[in-house]
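S.K.: okay, here's the prediction I keep looking at, along with the sequence it came from:
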Amino acid sequence: MTAKIPATVVTGFLGAGKTSTIRHLLENANGRRIALIINEFGDLGVDGEILKGCGIESCGEDDVVELANGCLCCTVADDFLPTITALLERETPPDHIVIETSGLALPKPLVKAFGWPEVRTRVTVDGVVALVDGPAVAAGLFAENPEAVQAQREADDNLDHDSPLAELFEEQVACADLVVVNKSDLIEAADREAVEAAIRAEARPGVRLLHASHGRLDPAVLLGLSAAAEDDLDSRRSHHEGADDHDHDDFDSFAIELPEVATPAELARRVALLVESHPVLRVKGFAAVAGKDMRLVLQAAGPRVQHYYDRDWRPGEPRHTRLVVIGLKGLDRAAVEAELTGEAALAG
């Protein structure tokens, strides 16, 4: 009987470093054929485009399948199974499948899908890897005390549920076979113990916890966990037990188009101001910079705004700036657009 193809699910909150981790994995694949399934929450498949344009020999465009119409665990029936089937039926199947979930995804419903008859005999979940933003946890963003949160709910009629960010953190860590604390270089030594304690409070017993910077981990550490997670669902607790899916009512996401920007620094400044003044969780996209032949990639998670040039604009490709903004429910699109196109001159 042919051995099952292993699949690794990479989950983690917005900006935790999933794409950086996968880039490093591809750069160090050592000839292993790795197929990617990349999921985007938003109108623009930024992460897929970054990977397609990375120039890594082992990262061929036909090995990247992007699902851009919602959270993977929500669209599993329509997109996931056909995608997996198409990969398995290729003349040369992949050696390993890596699935990058949306930052808003619940991993357990995806793992359940590997138990479906269509794929169960051919693919196994080698492991669920949860990427955690170390500085964010150090700041207490995902370490709410359940009793304190419940008390706050009861004291405030406007609170209908726990913080969705904390719940997502708990879901992702509780489902993981390996937890990676990324951006460890940005964590103060005195905070490291508290970060690990917050994670272990949600992780299953015996789950390994590793530290990394910029997603740099040996593929031998990430792949080959042999967890067969689809056969171990009962140990992976969830707030959504018995639910077939979940919604994203706690979040808003939309794309905004802008003209060419004068400089990367000016765009980064405007994005930083946006994140500071509005309930924005993540901003990511591409920008055309006046006088530059290369496309600028911009990503912002919290107060950190990063940008770099990834490749030349292709012939006939529209030169424009397009950013996806993800924030809490009720995010004012008009105000966001005004912030990004305000008095400071973005156009060249």
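M.R.: Perfect, thanks for sending it.

S.K.: the helices in the stretch 1-150 of the chain, which residues?
M.R.: 18-27, 46-52, 81-88, 107-113, 117-120, 134-138, 146-155 (DSSP state H, counting those that start in this stretch).

S.K.: weakest of those helices by average pLDDT?
M.R.: Per-segment mean pLDDT for the helices of the stretch 1-150 of the chain reaches its minimum on helix 146-155, at a mean of 43.

S.K.: quick check: next helix or strand after that one?
M.R.: Following the chain from helix 146-155 toward its C-terminal end, the next helix or strand by DSSP states H and E is helix 164-174.

S.K.: what comes up buried for that next one?
M.R.: If you call a residue buried by 16 or more other Cβ atoms under 10 Å, then helix 164-174 has these buried ones: 165-174. To be clear about C-beta, it is placed using only N, CA and C from the backbone, and glycine gets the same treatment.

S.K.: could you do stretch 188-204 as well?
M.R.: Along stretch 188-204, the positions that meet the burial threshold by neighbour count (16+ other Cβ under 10 Å) are 191, 195-196, 198-199, 202-204.

S.K.: run the chain-centre distance for that stretch.
M.R.: 21 Å (Cα atoms, centre = their mean, to the nearest Å).

S.K.: renumber starting at 443 from here on
M.R.: Shifting the count to begin at 443 puts that one at stretch 630-646.

S.K.: could you give the mean pLDDT of that stretch?
M.R.: Summarised as a single mean, pLDDT over stretch 630-646 is 90.

S.K.: sec struct for Arg724, please.
M.R.: strand (DSSP: H, G, I helix; E, B strand; the rest coil).

S.K.: quickly list what it is bridged to.
M.R.: The residues listed as beta-bridge partners of Arg724 by DSSP bridges are Ala743, Ile768.

S.K.: surely Arg753 and Arg737 touch.
M.R.: Yes - using Cβ atoms under 8 Å, Arg753 is in contact with Arg737, at 5.8 Å.

S.K.: re earlier: identify the farthest-apart pair in the buried residues of stretch 630-646.
M.R.: Farthest apart among the buried residues of stretch 630-646 by Cβ to Cβ are Asp633 and Arg646. That separation is 23.4 Å.

S.K.: show me which strand runs longest in this protein.
M.R.: Among the elements of the chain assigned as strand by DSSP state E, the one spanning the most residues is strand 565-575.

S.K.: pull the distance from that strand to the chain's centre.
M.R.: Distance of strand 565-575 from its chain centroid, counting by Cα atoms, centre = their mean, is 12 Å.

S.K.: can you check stretch 469-481 too?
M.R.: The offset between the C-alpha centroid of stretch 469-481 and the centroid of the whole chain comes to 16 Å, using Cα atoms, centre = their mean.

S.K.: go on, stretch 543-563?
M.R.: Remark: stretch 543-563 is offset 16 Å from the chain centroid, using Cα atoms, centre = their mean.

S.K.: and for stretch 728-741?
M.R.: Its chain's C-alpha centre lies 22 Å from the corresponding centre of stretch 728-741 when counted by Cα atoms, centre = their mean.
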